[in-house]
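Novice: Sequence and computational prediction follow.
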Amino acid sequence: MHRLLLLLLAPIWLLVATPSTPGVPSYEVELTGTPDGRTWSGRETVSFTNTATESLREVYVRLWGNSRGCGAVAVTGGVATDDCTVVRFSLPEALQPGKRASISFDVKLTAPEREDRFGRSGEFSFFGNALPVLAVRDAAGWHLERDMGIGESFYTVAADFAVRLTHTGNLAVPSTGVTTDGVAIAKQARDFAWAAGPFRTTSTTSPGGVTVRTWATPTVTADAVSSAQADATAALDEFGRRFGAYPDHELDLVLNDRWTAFSGMEYPGFVLLISPSSPVVHEVAHQWWYGLVGNNEYADPWLDEAFATYATDVFEGDHRAGCWPGTLPVAITRDMGYWGAHDTSYGTFVYTYGSCMLHELERLIGTPAMDRLLASYAKAHWHGVVTPADFKAAAQAASTVELGPFWREHGIG
Ligand SMILES: [Zn+2]
(Lines give C-alpha, C1' and ligand atoms only; values in the text may rest on other atoms or scores of the structure.)
Protein backbone atom coordinates (compact mmCIF):
# COMPACT_ATOMS: atom_id res chain seq x y z
CA MET A 1 0.00 0.00 0.00
CA HIS A 2 1.24 3.44 -0.83
CA ARG A 3 2.74 5.29 2.10
CA LEU A 4 0.58 8.35 1.52
CA LEU A 5 -2.52 6.15 1.51
CA LEU A 6 -1.35 4.59 4.78
CA LEU A 7 -1.03 8.03 6.31
CA LEU A 8 -4.50 8.94 5.11
CA LEU A 9 -5.97 5.73 6.46
CA ALA A 10 -4.11 5.74 9.76
CA PRO A 11 -6.48 7.98 11.69
CA ILE A 12 -9.45 5.91 10.53
CA TRP A 13 -7.69 2.69 11.44
CA LEU A 14 -6.89 4.00 14.90
CA LEU A 15 -10.57 4.54 15.54
CA VAL A 16 -11.23 0.84 15.07
CA ALA A 17 -10.53 -1.03 18.30
CA THR A 18 -7.80 -3.62 17.85
CA PRO A 19 -9.10 -6.97 19.12
CA SER A 20 -7.27 -8.21 22.18
CA THR A 21 -5.08 -11.29 21.93
CA PRO A 22 -4.32 -14.04 22.82
CA GLY A 23 -7.98 -15.05 22.90
CA VAL A 24 -10.09 -18.13 23.64
CA PRO A 25 -7.51 -19.46 26.12
CA SER A 26 -7.68 -22.88 27.67
CA TYR A 27 -5.51 -24.13 30.51
CA GLU A 28 -4.71 -27.76 31.25
CA VAL A 29 -2.88 -28.14 34.52
CA GLU A 30 -1.69 -31.17 36.49
CA LEU A 31 -0.22 -30.38 39.90
CA THR A 32 0.86 -32.58 42.78
CA GLY A 33 0.81 -31.15 46.26
CA THR A 34 3.08 -31.89 49.19
CA PRO A 35 1.24 -33.64 52.06
CA ASP A 36 0.92 -30.31 53.90
CA GLY A 37 -0.64 -28.70 50.80
CA ARG A 38 1.86 -25.86 50.79
CA THR A 39 3.82 -26.62 47.60
CA TRP A 40 2.35 -27.72 44.30
CA SER A 41 4.34 -28.68 41.24
CA GLY A 42 3.62 -30.10 37.83
CA ARG A 43 2.85 -29.10 34.28
CA GLU A 44 0.74 -26.36 32.74
CA THR A 45 -0.29 -26.12 29.09
CA VAL A 46 -1.95 -22.98 27.79
CA SER A 47 -3.65 -22.99 24.37
CA PHE A 48 -4.88 -19.84 22.68
CA THR A 49 -6.01 -18.32 19.41
CA ASN A 50 -4.47 -15.27 17.82
CA THR A 51 -7.59 -13.11 17.88
CA ALA A 52 -5.80 -9.99 16.61
CA THR A 53 -5.58 -8.86 13.01
CA GLU A 54 -1.79 -9.08 12.85
CA SER A 55 0.52 -12.03 13.54
CA LEU A 56 1.56 -12.96 17.08
CA ARG A 57 5.22 -13.73 17.74
CA GLU A 58 5.26 -14.05 21.50
CA VAL A 59 3.04 -14.29 24.53
CA TYR A 60 3.59 -13.23 28.11
CA VAL A 61 2.70 -15.23 31.19
CA ARG A 62 2.03 -13.45 34.48
CA LEU A 63 3.39 -14.94 37.68
CA TRP A 64 1.33 -12.71 39.96
CA GLY A 65 2.31 -14.87 42.90
CA ASN A 66 5.76 -13.27 42.74
CA SER A 67 4.50 -9.72 43.10
CA ARG A 68 5.21 -9.60 46.84
CA GLY A 69 8.49 -11.50 46.64
CA CYS A 70 10.16 -13.28 43.71
CA GLY A 71 10.51 -17.05 43.78
CA ALA A 72 7.17 -18.17 45.18
CA VAL A 73 6.19 -19.21 41.64
CA ALA A 74 8.73 -20.70 39.24
CA VAL A 75 8.25 -21.86 35.66
CA THR A 76 10.58 -23.54 33.18
CA GLY A 77 11.04 -22.23 29.67
CA GLY A 78 10.31 -18.73 28.60
CA VAL A 79 12.57 -15.74 29.12
CA ALA A 80 12.70 -13.97 32.44
CA THR A 81 12.29 -10.21 32.40
CA ASP A 82 13.35 -7.61 34.94
CA ASP A 83 9.95 -8.09 36.59
CA CYS A 84 9.64 -11.55 38.17
CA THR A 85 5.87 -11.47 37.55
CA VAL A 86 6.46 -11.45 33.77
CA VAL A 87 7.87 -14.28 31.62
CA ARG A 88 8.05 -14.01 27.84
CA PHE A 89 7.50 -17.03 25.59
CA SER A 90 8.56 -16.63 21.97
CA LEU A 91 6.46 -18.71 19.62
CA PRO A 92 8.40 -21.06 17.32
CA GLU A 93 6.84 -19.31 14.36
CA ALA A 94 4.63 -16.26 13.98
CA LEU A 95 1.03 -17.24 14.72
CA GLN A 96 -1.26 -15.95 12.01
CA PRO A 97 -4.62 -14.34 12.83
CA GLY A 98 -7.25 -16.97 13.64
CA LYS A 99 -4.68 -19.73 14.23
CA ARG A 100 -4.23 -21.62 17.47
CA ALA A 101 -1.07 -22.54 19.37
CA SER A 102 -0.02 -23.61 22.83
CA ILE A 103 2.86 -23.30 25.27
CA SER A 104 3.77 -25.75 28.05
CA PHE A 105 5.96 -25.35 31.08
CA ASP A 106 6.75 -26.91 34.42
CA VAL A 107 5.45 -24.90 37.32
CA LYS A 108 6.14 -24.93 41.05
CA LEU A 109 4.22 -22.85 43.59
CA THR A 110 4.94 -22.51 47.29
CA ALA A 111 2.54 -20.54 49.48
CA PRO A 112 4.59 -17.81 51.19
CA GLU A 113 4.49 -17.42 54.98
CA ARG A 114 2.23 -14.39 55.02
CA GLU A 115 -1.43 -13.53 55.43
CA ASP A 116 -2.55 -13.05 51.88
CA ARG A 117 -4.57 -14.42 48.99
CA PHE A 118 -1.41 -16.31 48.05
CA GLY A 119 -0.10 -17.24 51.44
CA ARG A 120 -0.21 -19.43 54.47
CA SER A 121 -2.21 -19.28 57.69
CA GLY A 122 -1.49 -21.98 60.25
CA GLU A 123 -1.83 -25.33 58.46
CA PHE A 124 -3.82 -23.77 55.61
CA SER A 125 -2.44 -22.60 52.26
CA PHE A 126 -4.15 -20.25 49.83
CA PHE A 127 -3.46 -20.04 46.10
CA GLY A 128 -5.13 -16.88 44.83
CA ASN A 129 -3.46 -15.24 41.82
CA ALA A 130 -0.86 -17.99 42.06
CA LEU A 131 -1.46 -20.05 38.90
CA PRO A 132 0.41 -18.51 35.92
CA VAL A 133 -2.00 -16.86 33.46
CA LEU A 134 -1.68 -15.26 30.03
CA ALA A 135 -1.18 -11.51 29.76
CA VAL A 136 -3.39 -9.57 27.34
CA ARG A 137 -2.34 -7.45 24.37
CA ASP A 138 -4.85 -4.92 23.07
CA ALA A 139 -4.82 -1.57 21.28
CA ALA A 140 -2.59 -0.20 24.05
CA GLY A 141 -0.03 -3.03 23.61
CA TRP A 142 0.92 -5.76 26.07
CA HIS A 143 -0.47 -5.21 29.54
CA LEU A 144 2.46 -5.92 31.82
CA GLU A 145 1.60 -3.52 34.62
CA ARG A 146 2.86 -4.31 38.08
CA ASP A 147 0.76 -5.30 41.06
CA MET A 148 0.43 -1.98 42.89
CA GLY A 149 0.21 -3.68 46.27
CA ILE A 150 -3.39 -2.67 46.97
CA GLY A 151 -6.58 -3.89 45.34
CA GLU A 152 -6.18 -5.71 42.04
CA SER A 153 -3.95 -4.90 39.08
CA PHE A 154 -5.01 -7.93 37.02
CA TYR A 155 -6.30 -8.26 33.50
CA THR A 156 -7.27 -11.59 31.97
CA VAL A 157 -9.85 -12.77 29.48
CA ALA A 158 -12.32 -15.58 30.13
CA ALA A 159 -10.77 -19.02 29.67
CA ASP A 160 -11.56 -22.69 30.10
CA PHE A 161 -9.62 -24.45 32.87
CA ALA A 162 -9.09 -28.16 33.52
CA VAL A 163 -6.97 -28.53 36.65
CA ARG A 164 -6.05 -31.77 38.40
CA LEU A 165 -4.80 -31.22 41.95
CA THR A 166 -3.39 -34.48 43.33
CA HIS A 167 -2.11 -34.96 46.87
CA THR A 168 -1.55 -37.62 49.49
CA GLY A 169 -2.22 -35.44 52.53
CA ASN A 170 -5.22 -35.23 54.79
CA LEU A 171 -6.36 -32.16 52.92
CA ALA A 172 -9.54 -30.60 51.65
CA VAL A 173 -8.84 -28.70 48.43
CA PRO A 174 -11.62 -26.28 47.43
CA SER A 175 -11.10 -24.60 44.07
CA THR A 176 -12.61 -22.66 41.23
CA GLY A 177 -14.86 -24.82 39.05
CA VAL A 178 -16.61 -28.09 39.66
CA THR A 179 -14.50 -31.16 40.38
CA THR A 180 -15.39 -34.43 38.67
CA ASP A 181 -13.11 -37.49 38.73
CA GLY A 182 -10.36 -35.42 40.33
CA VAL A 183 -10.34 -32.67 37.69
CA ALA A 184 -11.69 -29.22 38.42
CA ILE A 185 -13.42 -27.87 35.32
CA ALA A 186 -14.21 -24.18 34.98
CA LYS A 187 -15.63 -22.76 31.76
CA GLN A 188 -15.21 -19.10 30.82
CA ALA A 189 -13.43 -18.21 34.04
CA ARG A 190 -10.91 -15.39 34.33
CA ASP A 191 -8.68 -17.11 36.83
CA PHE A 192 -8.33 -20.29 38.85
CA ALA A 193 -7.73 -20.29 42.61
CA TRP A 194 -7.62 -22.95 45.28
CA ALA A 195 -6.80 -23.58 48.92
CA ALA A 196 -5.52 -26.60 50.82
CA GLY A 197 -5.78 -27.66 54.41
CA PRO A 198 -7.89 -29.57 56.92
CA PHE A 199 -11.01 -27.47 56.31
CA ARG A 200 -14.41 -28.42 57.73
CA THR A 201 -16.91 -28.40 54.89
CA THR A 202 -20.67 -28.02 54.58
CA SER A 203 -22.91 -27.27 51.67
CA THR A 204 -26.31 -25.87 50.88
CA THR A 205 -28.22 -25.03 47.72
CA SER A 206 -29.93 -21.72 47.10
CA PRO A 207 -33.62 -21.70 46.07
CA GLY A 208 -32.32 -20.63 42.64
CA GLY A 209 -30.23 -23.79 42.40
CA VAL A 210 -26.66 -22.67 43.13
CA THR A 211 -24.68 -24.89 45.49
CA VAL A 212 -22.71 -22.96 48.10
CA ARG A 213 -19.97 -24.93 49.80
CA THR A 214 -18.20 -23.56 52.83
CA TRP A 215 -14.67 -24.51 53.79
CA ALA A 216 -13.87 -23.32 57.27
CA THR A 217 -10.76 -23.33 59.44
CA PRO A 218 -11.29 -25.15 62.78
CA THR A 219 -12.26 -22.25 65.01
CA VAL A 220 -14.77 -20.61 62.66
CA THR A 221 -18.08 -20.90 64.50
CA ALA A 222 -21.12 -22.74 63.16
CA ASP A 223 -23.03 -19.46 63.36
CA ALA A 224 -20.45 -17.73 61.17
CA VAL A 225 -20.69 -20.55 58.63
CA SER A 226 -24.48 -20.49 58.44
CA SER A 227 -24.55 -16.69 58.30
CA ALA A 228 -22.08 -16.68 55.37
CA GLN A 229 -24.12 -19.37 53.62
CA ALA A 230 -27.36 -17.45 54.10
CA ASP A 231 -25.87 -14.20 52.77
CA ALA A 232 -24.26 -15.95 49.81
CA THR A 233 -27.32 -17.92 48.72
CA ALA A 234 -29.60 -14.88 49.01
CA ALA A 235 -27.13 -12.69 47.11
CA LEU A 236 -26.54 -15.28 44.37
CA ASP A 237 -30.27 -15.53 43.69
CA GLU A 238 -30.93 -11.80 43.95
CA PHE A 239 -28.02 -10.82 41.70
CA GLY A 240 -28.99 -13.63 39.34
CA ARG A 241 -32.42 -12.05 38.95
CA ARG A 242 -31.00 -8.56 38.52
CA PHE A 243 -27.89 -9.13 36.39
CA GLY A 244 -28.40 -12.53 34.73
CA ALA A 245 -28.47 -16.04 36.21
CA TYR A 246 -25.25 -17.33 37.75
CA PRO A 247 -24.05 -19.83 35.16
CA ASP A 248 -21.79 -21.82 37.45
CA HIS A 249 -23.39 -24.43 39.63
CA GLU A 250 -21.14 -23.98 42.59
CA LEU A 251 -19.59 -21.25 44.70
CA ASP A 252 -16.96 -22.09 47.30
CA LEU A 253 -16.67 -19.84 50.36
CA VAL A 254 -13.37 -20.29 52.16
CA LEU A 255 -13.68 -18.93 55.70
CA ASN A 256 -10.66 -18.24 57.89
CA ASP A 257 -10.87 -16.50 61.27
CA ARG A 258 -7.10 -16.25 61.75
CA TRP A 259 -6.38 -13.52 59.24
CA THR A 260 -5.73 -10.10 60.71
CA ALA A 261 -4.04 -8.37 57.76
CA PHE A 262 -6.15 -9.72 54.89
CA SER A 263 -9.92 -9.50 54.54
CA GLY A 264 -10.99 -11.37 51.45
CA MET A 265 -10.74 -11.78 47.72
CA GLU A 266 -12.96 -12.82 44.87
CA TYR A 267 -12.16 -15.45 42.26
CA PRO A 268 -14.45 -17.18 39.78
CA GLY A 269 -16.58 -19.59 41.80
CA PHE A 270 -14.28 -19.24 44.80
CA VAL A 271 -14.08 -16.60 47.50
CA LEU A 272 -11.64 -16.08 50.37
CA LEU A 273 -13.23 -14.46 53.43
CA ILE A 274 -12.14 -13.37 56.86
CA SER A 275 -14.65 -14.75 59.34
CA PRO A 276 -16.89 -13.64 60.97
CA SER A 277 -16.65 -10.03 59.71
CA SER A 278 -16.58 -11.10 56.08
CA PRO A 279 -17.92 -8.96 53.24
CA VAL A 280 -19.75 -11.96 51.75
CA VAL A 281 -22.27 -10.06 49.62
CA HIS A 282 -19.58 -7.78 48.17
CA GLU A 283 -17.46 -10.74 47.08
CA VAL A 284 -20.53 -12.51 45.67
CA ALA A 285 -21.33 -9.35 43.66
CA HIS A 286 -17.84 -9.64 42.16
CA GLN A 287 -18.93 -12.94 40.62
CA TRP A 288 -20.77 -10.65 38.18
CA TRP A 289 -18.68 -7.45 38.27
CA TYR A 290 -15.21 -8.82 37.50
CA GLY A 291 -16.07 -12.50 36.96
CA LEU A 292 -18.86 -12.60 34.38
CA VAL A 293 -18.48 -9.00 33.19
CA GLY A 294 -14.73 -8.53 33.19
CA ASN A 295 -12.55 -5.46 33.12
CA ASN A 296 -8.92 -4.47 33.07
CA GLU A 297 -8.62 -4.14 36.83
CA TYR A 298 -5.43 -2.09 36.55
CA ALA A 299 -6.87 0.46 34.11
CA ASP A 300 -10.44 0.63 35.40
CA PRO A 301 -10.72 -0.59 38.99
CA TRP A 302 -14.02 1.29 39.40
CA LEU A 303 -15.66 -0.94 36.78
CA ASP A 304 -15.69 -3.79 39.27
CA GLU A 305 -15.29 -2.23 42.74
CA ALA A 306 -17.87 0.56 42.40
CA PHE A 307 -20.34 -1.92 40.90
CA ALA A 308 -19.78 -4.58 43.57
CA THR A 309 -20.22 -1.92 46.27
CA TYR A 310 -23.35 -0.50 44.64
CA ALA A 311 -24.85 -3.99 44.19
CA THR A 312 -24.21 -4.72 47.88
CA ASP A 313 -25.86 -1.44 48.92
CA VAL A 314 -28.95 -2.22 46.85
CA PHE A 315 -29.06 -5.77 48.20
CA GLU A 316 -29.06 -4.28 51.70
CA GLY A 317 -31.73 -1.73 50.78
CA ASP A 318 -29.36 1.22 51.22
CA HIS A 319 -29.67 3.78 48.43
CA ARG A 320 -27.18 6.18 50.01
CA ALA A 321 -29.36 9.29 49.72
CA GLY A 322 -27.31 12.49 49.70
CA CYS A 323 -24.02 10.62 49.33
CA TRP A 324 -22.46 12.77 46.60
CA PRO A 325 -19.97 15.23 48.12
CA GLY A 326 -19.84 17.61 45.14
CA THR A 327 -17.00 18.11 42.67
CA LEU A 328 -14.25 15.62 43.48
CA PRO A 329 -10.58 16.61 43.49
CA VAL A 330 -9.71 13.33 41.76
CA ALA A 331 -11.74 11.29 39.29
CA ILE A 332 -12.96 7.90 40.50
CA THR A 333 -11.91 6.55 37.08
CA ARG A 334 -8.15 6.78 37.76
CA ASP A 335 -6.05 3.64 37.28
CA MET A 336 -4.20 1.54 39.85
CA GLY A 337 -0.96 3.35 39.02
CA TYR A 338 -2.56 6.42 40.57
CA TRP A 339 -4.24 4.62 43.49
CA GLY A 340 -1.08 2.69 44.29
CA ALA A 341 0.62 6.04 44.89
CA HIS A 342 -2.43 7.42 46.75
CA ASP A 343 -3.54 4.34 48.63
CA THR A 344 -5.33 6.18 51.42
CA SER A 345 -7.76 7.65 48.84
CA TYR A 346 -8.41 4.41 46.95
CA GLY A 347 -11.28 3.04 49.06
CA THR A 348 -13.04 6.37 49.45
CA PHE A 349 -12.96 7.33 45.78
CA VAL A 350 -13.28 4.00 43.96
CA TYR A 351 -15.64 2.16 46.32
CA THR A 352 -17.53 4.85 48.24
CA TYR A 353 -17.79 7.65 45.68
CA GLY A 354 -17.82 5.14 42.82
CA SER A 355 -20.89 3.37 44.18
CA CYS A 356 -22.42 6.73 45.12
CA MET A 357 -22.10 7.84 41.49
CA LEU A 358 -24.15 4.77 40.50
CA HIS A 359 -26.79 5.59 43.13
CA GLU A 360 -26.93 9.15 41.78
CA LEU A 361 -27.30 7.79 38.25
CA GLU A 362 -30.19 5.63 39.48
CA ARG A 363 -31.82 8.69 41.08
CA LEU A 364 -31.45 10.59 37.79
CA ILE A 365 -32.72 7.96 35.33
CA GLY A 366 -35.05 6.09 37.71
CA THR A 367 -34.84 2.62 39.22
CA PRO A 368 -36.57 0.78 36.31
CA ALA A 369 -34.08 2.29 33.82
CA MET A 370 -31.15 1.48 36.14
CA ASP A 371 -32.32 -2.13 36.41
CA ARG A 372 -32.68 -2.37 32.62
CA LEU A 373 -29.27 -0.79 32.18
CA LEU A 374 -27.43 -3.24 34.44
CA ALA A 375 -29.21 -6.27 33.00
CA SER A 376 -28.58 -5.25 29.37
CA TYR A 377 -24.99 -4.17 30.07
CA ALA A 378 -24.23 -7.51 31.76
CA LYS A 379 -25.87 -9.47 28.95
CA ALA A 380 -24.05 -7.57 26.20
CA HIS A 381 -20.65 -8.12 27.84
CA TRP A 382 -21.17 -11.54 29.46
CA HIS A 383 -17.75 -13.27 29.67
CA GLY A 384 -16.24 -10.22 27.95
CA VAL A 385 -14.22 -7.20 29.04
CA VAL A 386 -15.88 -3.81 29.49
CA THR A 387 -14.51 -0.30 29.20
CA PRO A 388 -15.82 2.98 30.62
CA ALA A 389 -17.15 3.80 27.14
CA ASP A 390 -19.17 0.57 27.13
CA PHE A 391 -20.84 1.50 30.40
CA LYS A 392 -21.58 5.06 29.30
CA ALA A 393 -23.09 3.82 26.04
CA ALA A 394 -25.23 1.24 27.85
CA ALA A 395 -26.45 3.87 30.32
CA GLN A 396 -27.34 6.30 27.56
CA ALA A 397 -29.18 3.55 25.66
CA ALA A 398 -31.27 2.78 28.76
CA SER A 399 -32.47 6.34 29.35
CA THR A 400 -33.91 9.30 27.47
CA VAL A 401 -32.09 11.65 29.86
CA GLU A 402 -29.06 13.25 28.15
CA LEU A 403 -26.23 11.95 30.35
CA GLY A 404 -23.36 14.19 29.16
CA PRO A 405 -23.77 16.66 32.05
CA PHE A 406 -24.03 13.80 34.57
CA TRP A 407 -20.75 12.26 33.43
CA ARG A 408 -19.03 15.65 33.58
CA GLU A 409 -20.36 16.45 37.05
CA HIS A 410 -19.25 13.08 38.34
CA GLY A 411 -15.86 13.03 36.65
CA ILE A 412 -16.58 10.06 34.39
CA GLY A 413 -14.38 10.93 31.40
ZN1 LIG B 1 -14.23 -5.66 45.90
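Specialist: Sure, I can see it. Numbering: from 1, shown residues only.
Novice: Am I right that Arg408 sits in a helix?
Specialist: Yes. Arg408 forms part of a helix when assessed by DSSP: H, G, I helix; E, B strand; the rest coil.
Novice: For the nearest residue to Gly244 once chain neighbours are set aside, pull up the helix or strand it's in.
Specialist: Among residues not flanking Gly244 along the chain, Ala378 sits closest, at 4.9 Å (C-beta to C-beta, 6 or more residues apart in numbering). Heads up, the C-betas are built off the backbone N, CA and C, glycines and all. Ala378 belongs to helix 367-380 when elements are defined using DSSP states H and E.
Novice: elements contacting the helix or strand following that helix?
Specialist: The helix or strand immediately downstream of helix 367-380 is strand 385-386, counting by DSSP H and E. With contacts taken as 3 or more C-beta pairs under 8 Å, 6 or more residues apart in numbering; DSSP states H and E, strand 385-386 sits against strand 294-295.
Novice: so how far is the strand it packs on off the chain centroid?
Specialist: 7 Å (C-alpha atoms, centre = their mean, to the nearest Å).
Novice: is any part of it close to the ion?
Specialist: No. On the criterion C-beta under 5 Å from the ion, strand 294-295 is out of touch with the ion, staying 12.0 Å away.
Novice: Please list the outside residues in contact with stretch 394-406.
Specialist: Stretch 394-406 is contacted by residues 360-361, 364-366, 369-370, 372-373, 376-377, 380, 392, 412 when judged by C-beta atoms under 8 Å, 6 or more residues apart in numbering.
Novice: Swap in 7 Å and give it another go.
Specialist: Leu361, Leu364, Ile365, Ala369, Arg372, Leu373, Ser376, Tyr377, Ala380 (C-beta atoms under 7 Å, 6 or more residues apart in numbering).
Novice: chain center to that stretch: distance?
Specialist: 28 Å.
Novice: what angle sits between the lengthiest helix in the chain and helix 367-380?
Specialist: Using DSSP state H, we find that the single longest helix of the chain is helix 222-243. Taking axes from the mean of the first three to the mean of the last three C-alpha atoms, to 10 degrees, one finds helix 222-243 and helix 367-380 inclined to each other by 90 degrees.
Novice: Show me which residues of helix 222-243 are buried.
Specialist: 224-225, 228-229, 231-240, 242-243 (16 or more other C-beta atoms under 10 Å).
Novice: rewinding a little: pLDDT value on the residue nearest to Gly244, please?
Specialist: Per-residue pLDDT puts Ala378 at 98.
Novice: What is the neighbour count of it?
Specialist: The number of residues packed around Ala378, counting by other C-beta atoms under 10 Å, is 20.
Novice: ok, now how distant is it from Val61?
Specialist: 29 Å (C-beta to C-beta, to the nearest Å).
Novice: Then Phe239?
Specialist: 32 Å.
Novice: go on, Arg241?
Specialist: Per C-beta to C-beta, Arg241 is found 38 Å from Val61.
Novice: Surely Leu63 touches Thr81?
Specialist: No. In this structure, Leu63 is not within contact of Thr81 by C-beta atoms under 7 Å, at 10.3 Å.
Novice: Next, show the common contact partners of those two.
Specialist: Contact criterion C-beta under 7 Å, 6+ apart; residues shared by Leu63 and Thr81: Val87.
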